[in-house]
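1. What shape does this take:
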Amino acid sequence: MAQETAISAHDIFPHIRIVMGMVIGLGVTRLLSGLARLVQHPGQYRLYPVHLAWVASVLLMLVHFWWWEFGLYRVEAWIFGKYLFIIFYAVTLFLLCALLFPDSMQDYRSYKDYFYARRGWFFGVLAVTYLLDVIDTLLKGAEHFARFGHEYLIRTPLFVGLCLAAVLVRDRRFHVAFVAFTLIYQISWILRLFDNII
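-> All right, here's what the predicted structure looks like:
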């Protein structure tokens, strides 16, 4: 009589992590290739500091995503829906990278023109990632969700609201303040709550 080998959630997780890593790797490649292109052809298109700051923010987000998703080892039962959700989350992060560095800039005079012309898509997708993060955090269990305290419940709607405002507002001062606040908070959030992987 053939014996069935039980597969635990901890056996499945590395399999899922590989696929997730492939998508995140594409995003990192997109950003690094875009930055390399700026170095190779510095005079081709005028740079824009706000755009470059968002590149830094999204690159940090991708690196952090790969770090914090180790927490998925807490998931006790994997189903296809959970797997699909994680891949979809990773795909939205890749889309942010593709929106920061398009395949062609021929319709734009500078990265400033491009950034403001496509800000609706960029900040729309960014807002979605904050909402997906709530589901992702809940997937890891109530205890994991609770460790972030009331700050998480304020942080998420605040950033979603700022993203929606960024879609509507073109004012340079707002966008400078938004990306500066995002980077500072992002670094603080990682150092305070994710310094250890466990």
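2. Give me the distance between residue 15 and residue 21.
-> Separation of residue 15 from residue 21 (Cβ to Cβ, to the nearest Å) stands at 11 Å. Any C-beta I mention is one placed from the backbone N, CA and C, and that applies to glycine too.
3. elements contacting the lowest-mean-pLDDT helix or strand in the chain?
-> Ranked by mean pLDDT, DSSP states H and E, the weakest helix or strand in the chain is helix 142-146, scoring a mean of 85. Counting by 3 or more Cβ pairs under 8 Å, 6 or more residues apart in numbering; DSSP states H and E, the packing neighbours recorded for helix 142-146 are helix 119-139.
4. Show me the contact partners of the helix it packs on.
-> Here helix 119-139 makes contact (Cβ atoms under 8 Å, 6 or more residues apart in numbering) with 54, 61, 69, 72, 75, 82, 85-86, 88-89, 92-93, 95-96, 99-100, 115, 144-145, 148, 152, 156, 159-160, 163-164, 166-167, 170.
5. hmm, back to that, following the least confident helix or strand of the chain, which helix or strand shows up next?
-> Where DSSP states H and E defines the elements, the next helix or strand beyond helix 142-146 is helix 149-168.
6. Determine how far the helix or strand that that following helix is followed by lies from the middle of the whole chain.
-> Using DSSP H and E, the next helix or strand after helix 149-168 towards the C-terminus is helix 172-193. Between the centre of helix 172-193 and the centre of its host chain there is 14 Å, according to Cα atoms, centre = their mean, to the nearest Å.
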